[in-house]
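> following is a predicted model, sequence given first.
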Amino acid sequence: MKTHIAVYPGSFDPITYGHLDIINRGLEVFDELVIAVARNSGKNALFSTEERIELIRSVVGDNPRLKVDTFEGLLVDYVCSIGARVILRGLRAVSDFEYEFQIAQMNHAVRDQVETLFMMTSVPYGYLSSSIVKEVASLGGDVEAFVPEPVKLALMRKFAGARS
């Protein structure tokens with residue numbers, strides 16, 4: 001039996017309920033899902049790569065069909081190195097699609113055996129992004145509706161010093 005593995009890449013800085021929506025729905029489509037935390041995302045991360053991995057593991061639990069990993073370099077090289085053929089990406093809006101479409105086309109040009117599957121985020125999470133969550137948390141707002149408890153607590157710790 002062939003195992004279908006998908007890679008769900010991102011910075012996950014931090015992981016949100018929108019990410020978890022895509023993860024849970026991805027598990028309904030694929031046998032295995034690898035949550036791949038990008039090390040070289042070009043973004044100024046609030047959490048270190050190790051902190052992001054720990055937060056993800058704390059909220060996804062011990063599902064044997066889920067793996068949390070990290071990668072550097074080209075995503076398509078990483079995807080091929082673990083024997084996967086599919087990149088899973090969540091889309092919130094048309095503006096996401098334009099950027100993601102360009103990346104998917106480039107990935108396919110580099111490694112034509114790798115496909116990108118776009119999954120629309122569920123309606124309650126269409127507006128949600130890690131950047132917005134960080135901004136709300138940095139200003140002392142309640143982020144309970146947007147992130148699981150371990151992430152909320154980690155955000156509170158990160159921003160406690162900034163508001164003192």
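On my side now, so go ahead.
> all strands of this structure, in order?
Counting by DSSP state E, residue ranges of the strands within the chain are 5-10, 32-38, 66-71, 86-91, 115-120.
> who does the fourth one touch, helix- and strand-wise?
It stands for strand 86-91. Applying 3 or more C-beta pairs under 8 Å, 6 or more residues apart in numbering; DSSP states H and E, we find strand 86-91 packed against strand 5-10, helix 17-26, helix 75-81, helix 94-110, strand 115-120. (Glycine included, C-beta is placed from N, CA and C.)
> what's in contact with it?
Strand 86-91 has contacts (C-beta atoms under 8 Å, 6 or more residues apart in numbering) with 4-9, 18-19, 21-22, 26, 30, 33, 75-76, 79, 96-97, 100, 104, 107, 114-121.
> now do the helix-or-strand element of the chain with minimal mean pLDDT against strand 86-91, angle only.
One helix or strand of the chain scores below all others by mean pLDDT, DSSP states H and E: helix 94-110, with a mean of 91. Counting by axes from the mean of the first three to the mean of the last three C-alpha atoms, to 10 degrees, helix 94-110 lies at 160 degrees to strand 86-91.
> got the angle for helix 94-110 vs strand 115-120?
On the basis of the same axes, to 10 degrees, helix 94-110 is oriented at 170 degrees to strand 115-120.
> list the buried ones in helix 94-110?
By neighbour count, with 16 or more other C-beta atoms under 10 Å as the criterion, the buried positions of helix 94-110 are 96, 100, 104, 107.
> now the last one: closest residue in space that isn't a chain neighbour?
Nearest residue to N107, sequence neighbours excluded (C-beta to C-beta, 6 or more residues apart in numbering): V76, at 4.7 Å.
> same question for the first one.
Ranked by C-beta to C-beta, 6+ apart and with sequence neighbours excluded, the top spatial neighbour of D96 is G90, at 8.0 Å.
> kindly report the same for A36.
Distances taken as C-beta to C-beta, 6+ apart put P9 closest to A36, at 4.3 Å, once the chain neighbours are dropped.
> again, but for E144
Closest to E144 by C-beta to C-beta, 6+ apart is K152, at 5.7 Å.
> which ones are touching that neighbour?
By C-beta under 8 Å, 6+ apart, the residues touching K152 are 137, 143-144.
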